[in-house]
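A.B. asks: Sequence and predicted structure are below.
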Amino acid sequence: MKKTCVITASHYVLPANELTNEDLFERFGEKKVQSISKLSGISARRVAPENVTSVDLASAAAERMLESENISRDDFDMLIFITQTPDYILPGAAFVTHERLKFPESCGAFDINLGCSAMPYGLAVANSMIVSGQCKKILLVYSDTVTKLVNPKDRSLVTLHGDGAAVFVLEASDDADTGIEFCDVKAQAAGWKHLIVPAGGARLPHSEETAKDKEDDFGIICSQNNLQMNGAAVFHFSISTIPNEIKKSLEKHSKNIGDYDMVILHQANKSMVEQIYRAIGATEEQKFYFMEKVGNLSVASSPVVLAQALRQGKLDAGGYVLGAAFGVGLSWGVFSIKFKPNSVKASQASTDY
């Protein structure tokens, strides 16, 4: 019998430190902050302190989930860690987390370097490893401290981004009517320069020159060591490409938007998400938001949204979830998951770090 891949447990963690719009008034001016907030729908962000990393957040989320739900560490045979902000260039964040969690040597580990489209890509990889029989139980980790890449003088990104981590347990199941149905992942790589940290890799190592702040024609200040975004290009890509790609996936798999109980989107900003919801015909009952007080969590954005929905019991009676995430690359993915009633141990442990 063909195996399916099901989510059996979840949790998320956010830094306790909150950066509100009011905190940013002195830095950028009240009028500019409120103008951006009106479009983004973000009034506060969770920001990791200087000494808190993606591994710290992810390890806390996983540890709390394992402890609160009494999940044995010995049964895991793979740990997949998706991040753009690893603790080190090498080794990967997966190995550091593996050691922190005291996972057995029989459990493999690796990183995936990806941004806002991480959720469907991670699900696609984990799903393929489970349905192929290579793995039986996987810890899938999404964690980013992307605010560490943002120049504190860059009003376009400071006002949007937050930090966070979400973790999921994925297992093999014999039930053909549950679990991950599909994950369609694609890329429009001609736009790779639209979301980039130019310096710090082998192409352009950090130097005194790359650390110098520069101001562009729009008054945005950042250096080559910082995250840089062509906001207009990314916004256009998102609203022009993603609705059509969602529709293509639905058609490919003989689904309709009305089949789903919940539609989860990468929460870059509310204006963008609302336009996509409208374009695909999602109802108010299908929408789910969790960005206002946490910000755009990059890698962890849509994973935290799903983990929060599970934590709130939105899918306790079972449910059919459609999701789409998109961003750096430029890349995107569309996924579909069926949940059976009370099939996920959604940890109620603390979400603050």
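C.D. replies: Structure received.
A.B. asks: For residue 164, what are phi and psi?
C.D. replies: In terms of degrees, to the nearest 10, the main-chain angles of residue 164 are phi 180, psi 170.
A.B. asks: For the protein, which segments count as helices?
C.D. replies: 21-28, 30-40, 54-68, 93-100, 118-131, 155-158, 231-252, 270-280, 301-311 (DSSP state H).
A.B. asks: what comes up buried for stretch 280-298?
C.D. replies: Residues of stretch 280-298 classed as buried by neighbour count (16 or more other C-beta atoms under 10 Å): 280, 282, 286, 288, 290-291, 294-298. C-beta coordinates here come from the backbone N, C-alpha and C atoms, glycine included.
A.B. asks: Confidence-wise, which of those residues comes last?
C.D. replies: pLDDT across those is lowest for residue 291, at 89.
A.B. asks: Neighbours of the closest residue to that residue other than its chain neighbours, how many?
C.D. replies: Nearest non-adjacent residue to residue 291, counting by C-beta to C-beta, 6 or more residues apart in numbering: residue 267, 4.0 Å away. Residue 267 has 26 neighbouring residues, counting by other C-beta atoms under 10 Å.
A.B. asks: Quick check: residue 267 vs residue 328, distance?
C.D. replies: Distance, residue 267 to residue 328, using C-beta to C-beta, to the nearest Å: 15 Å.
A.B. asks: Can you tell me the centre-most residue of the protein?
C.D. replies: residue 300 (2.6 Å; C-alpha atoms, centre = their mean).
A.B. asks: how close does it sit to residue 140?
C.D. replies: The value you get for residue 300 to residue 140, if C-beta to C-beta is used, is 12 Å.
A.B. asks: With residue 18 instead?
C.D. replies: Residue 18 is 27 Å from residue 140, by C-beta to C-beta.
A.B. asks: More neighbours: these two, which one.
C.D. replies: When neighbours are counted by other C-beta under 10 Å, residue 140 comes out ahead of the other of residue 18 and residue 140, with 25 against 16.
A.B. asks: just checking, residue 173 touches residue 179?
C.D. replies: Yes - Residue 173 is within contact range of residue 179, at 5.8 Å (criterion: C-beta atoms under 8 Å).
A.B. asks: Can you check which residues contact both of those two?
C.D. replies: 4-6 (C-beta atoms under 8 Å, 6 or more residues apart in numbering).
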